[in-house]
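Chemist: The following block contains a protein sequence and its predicted model.
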Amino acid sequence: MAKTSNYVPQDSPLDRMDPRAKIYAIFCLGIAAIIFPYYQFSYLIVIGLFIAAGIAKLLKKFTKFMLAFAIPILIMLIFIQGFYSPKNVTIIADCGFAKLGLEGVEYALKIVGSLLVFLGSFYLMTTTTYTGRLVAALVDSGMNMKVGYLVLACLNVVPQMQRRMLIIQEAQAARGVDTQGTFFSRLKAYIPLLGPVVMSSFTDAQERGMTLETRGFGVKNVKPTTFVEAKKRTSDRVVQILLVVFLVATIAATVFLKFA
Amino acid sequence: MKTEKVGFIGGIKEQFSTKSLVLIPIAVGINLIGGTLASALKLPLFLDMIGTIISAALAGPWVAALVGLLTNVFLALVSNPVYLPYSLVSIGCGLVTGYMIRGGMFKKVWGVVLTWLACTLLSVAISSTITVLVFGGATGATGTSVFTATLIAATKNIVKSVVATSMIENLVDRGIAFLIAYILLKRIPKRFMSQYSVEANFDDAEIDD
């Protein structure tokens, strides 16, 4: 079966939290990590994210994701920025072919830190939120229903198309389409494989359009009901307020450090 | 044309009929399937733009832009959030391709080539800006990042190396994507094409089956 979502159903406080509060968390924490002048700060937030992952019972999965992202990009950026950044003044090591500068390394650490905060909190959101609930929450806060449909439809259509793709791949292999060999022979196999999927999907699109219309999708001036409910609890509001306070405090601290 | 009388915003709204709306998930699907198929055939390309080009030709630039955005959102949700900032590239490509097809560029082969070049230049500009400003030069240990690092070691210039890498990468990738999308578009039955807002952009004489 094709994978359509990172969501891991689990009973945890983070799972029960309203999706909107989690979106607040991504932005408040991410922006705080970017604007604060010291890179160490973003790593403190990352530690906080690890604690949150522990509460959500996803520590192992989260750690795996974070390390798989952080280690390669950290090595690449320290190489690129550390050796070749034009800002380098203080030299901390000489590797023969180039000199490692302190400013570049700090810049690399700062970027990776901010990225880890953004990506980590985004990943935590997707693993703890059922996509249907996320869309319901967004529609509830005023997002267009059609956009909501689009996101959910993509999640449905893609695995379906992947299944069709596999069938066509086998059928074409039975006909003898060559999928091995040189670059060009593999490229030539691409069209007979993709073409039928595209064409049959168009017929599918036509049917979907008609089905939606017969169920009154385009009806105007009526408030539609949703199957998945999204309600904000008091604790979600408290979390949101705390996040905004955190962001404002970080901004204040940044301004204070810059001018004092 | 009818769309010009209803104004710019009205013209955009007109593109989003229910028919175009159901086309969007399918086009996102084509983008993603194109990408998986490319890696299944071990082609060193992304080829994740074919659906965007097809939707630009069928339903217009803004639908194509939305297809591009949703493709990247989907990739960010399912595989890796790194794809999220690059949605700007997909949106820009969808718009450029859509407006150039509106201008009748897909009627002749040289028009397709022109669209391809315009789209490549735009994606190089946007994606290099994102790679340098958001990620500081590399997005991980992929083949292209290693290539960028090698170039940086040789030229000692971060921006130039990123642009050069993305230029080579995009030129080949977009070229093949446009070629495949063009071949596929030629084969879509006319009966199906006629229901979308963009009028027939193709010469009937060239359709061979």
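Modeler: Done, it's in.
Chemist: my guess is A:Leu119 contacts A:Ala70, does it?
Modeler: No - look at A:Leu119 against A:Ala70 with Cβ atoms under 8 Å: they stay out of range, at 9.1 Å. From N, CA and C alone the C-beta is placed, and that goes for glycine too.
Chemist: between those two, what contacts are shared?
Modeler: Counting by Cβ atoms under 8 Å, 6 or more residues apart in numbering or on different chains, A:Leu119 and A:Ala70 have no shared contacts at all.
Chemist: who's more crowded, the two?
Modeler: A:Leu119 (24 against 18; other Cβ atoms under 10 Å in any protein chain shown).
Chemist: pLDDT below threshold where in chain B?
Modeler: For chain B, the stretches flagged by pLDDT under 70 are B:1-7, B:10-11, B:14, B:79, B:137, B:139-144, B:194-209.
Chemist: Tell me which stretches of it form helices.
Modeler: Assigned by DSSP state H, the helices in chain B fall at B:7-15, B:18-40, B:50-59, B:61-78, B:87-102, B:109-133, B:143-155, B:158-187, B:190-193.
Chemist: What residues of the second one count as buried?
Modeler: Within helix B:18-40, the residues scored as buried using 16 or more other Cβ atoms under 10 Å in any protein chain shown are B:19-38, B:40.
Chemist: what's the spacing between it and its chain's center?
Modeler: Here helix B:18-40 is found 12 Å from its chain centre; the criterion is Cα atoms, centre = their mean, to the nearest Å.
Chemist: What of the last one?
Modeler: Put simply, helix B:190-193 sits 22 Å off its chain's centre (Cα atoms, centre = their mean).
Chemist: buried set for it?
Modeler: B:Met193.
Chemist: Just give me the residue right at the centre of chain B.
Modeler: B:Met49 (3.9 Å; Cα atoms, centre = their mean).
Chemist: number of nearby residues for the closest residue to that residue other than its chain neighbours?
Modeler: With Cβ to Cβ, 6 or more residues apart in numbering or on different chains as the criterion, B:Met49 has its nearest non-adjacent residue at 4.5 Å, and that residue is B:Ala177. Other residues near B:Ala177 come to 26 when the count uses other Cβ under 10 Å.
Chemist: what's the angle between the helix or strand hosting A:Ser201 and helix B:18-40?
Modeler: Using DSSP states H and E, A:Ser201 maps to helix A:183-214. With axes from the mean of the first three to the mean of the last three Cα atoms, to 10 degrees applied, the angle from helix A:183-214 to helix B:18-40 works out at 150 degrees.
Chemist: How far does helix A:183-214 sit from its chain's centre?
Modeler: 27 Å.
Chemist: what do you get for stretch A:133-143?
Modeler: Counting by Cα atoms, centre = their mean, stretch A:133-143 comes out at 18 Å from the chain centroid.
Chemist: what comes up buried for the lowest-mean-pLDDT helix or strand in chain A?
Modeler: Counting by mean pLDDT, DSSP states H and E, chain A has its least confident helix or strand at strand A:91-94, which shows a mean of 73. Within strand A:91-94, no residue counts as buried by 16+ other Cβ under 10 Å.
Chemist: Just the local confidence number for A:Ala137, please.
Modeler: pLDDT, A:Ala137: 87.
Chemist: Beyond the helix or strand encompassing it, next helix or strand please.
Modeler: A:Ala137 is part of helix A:131-140 when elements are defined by DSSP H and E. Note on helix A:131-140: by DSSP H and E, the next helix or strand toward the C-terminus is helix A:145-175.
Chemist: That next one near chain B anywhere?
Modeler: Yes - using Cβ under 8 Å from any Cβ of the partner chain, helix A:145-175 reaches chain B at A:146, A:149-151, A:153-158, A:160-162, A:165, A:169.
Chemist: Next, the angle from that helix to helix A:131-140.
Modeler: Using the same axes, to 10 degrees, helix A:145-175 lies at 150 degrees relative to helix A:131-140.
Chemist: So which bits of helix A:145-175 are buried?
Modeler: Residues of helix A:145-175 classed as buried by neighbour count (16+ other Cβ under 10 Å): A:147-155, A:157-158, A:160-162, A:164-165, A:168-169, A:172.
Chemist: and if you look at stretch B:38-48?
Modeler: Buried-residue list, stretch B:38-48, by 16+ other Cβ under 10 Å: B:Ala38, B:Ala40, B:Leu41, B:Leu43, B:Leu45, B:Phe46, B:Leu47, B:Asp48.
Chemist: contacting residues around the first one?
Modeler: Listed by Cβ under 8 Å, 6+ apart, the contact set of B:Ala38 reads A:Tyr190, B:Leu45, B:Phe46, B:Leu47, B:Asp48.
Chemist: List the contacts of the third one.
Modeler: In this structure, B:Phe46 makes contact with B:Gly35, B:Ala38, B:Asp173, judged by Cβ under 8 Å, 6+ apart.
Chemist: what sits against A:Lys87?
Modeler: A:Lys87 sits in contact with A:Gly101, A:Glu103, A:Gly104, A:Tyr107, where contact means Cβ under 8 Å, 6+ apart.
Chemist: host element of it?
Modeler: Using DSSP H and E, no helix or strand contains A:Lys87.
Chemist: So what does it look like in phi/psi?
Modeler: Dihedral pair for A:Lys87: phi -80, psi -10, per degrees, to the nearest 10.
Chemist: what separates it from chain B, distance-wise?
Modeler: 11 Å (Cβ to the nearest Cβ, to the nearest Å).
Chemist: does the residue lying closest to A:Gln81 once chain neighbours are set aside sit in a helix, a strand or a coil?
Modeler: Distance criterion Cβ to Cβ, 6+ apart; nearest residue to A:Gln81, sequence neighbours excluded, is A:Gly104 at 3.9 Å. Three-state assignment for A:Gly104 (DSSP: H, G, I helix; E, B strand; the rest coil): helix.
Chemist: burial measure for A:Gly104, as a count.
Modeler: 27.
Chemist: Tell me how far it lies from A:Met17.
Modeler: 39 Å (Cβ to Cβ, to the nearest Å).
Chemist: can I get the helices of chain B in TSV with distance to A:Leu44?
Modeler: Formatted as TSV, the helices of chain B follow (distance: least, Cβ to Cβ, whole Å):
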stretch	distance to A:Leu44
helix B:7-15	44
helix B:18-40	37
helix B:50-59	40
helix B:61-78	25
helix B:87-102	29
helix B:109-133	24
helix B:143-155	28
helix B:158-187	28
helix B:190-193	56
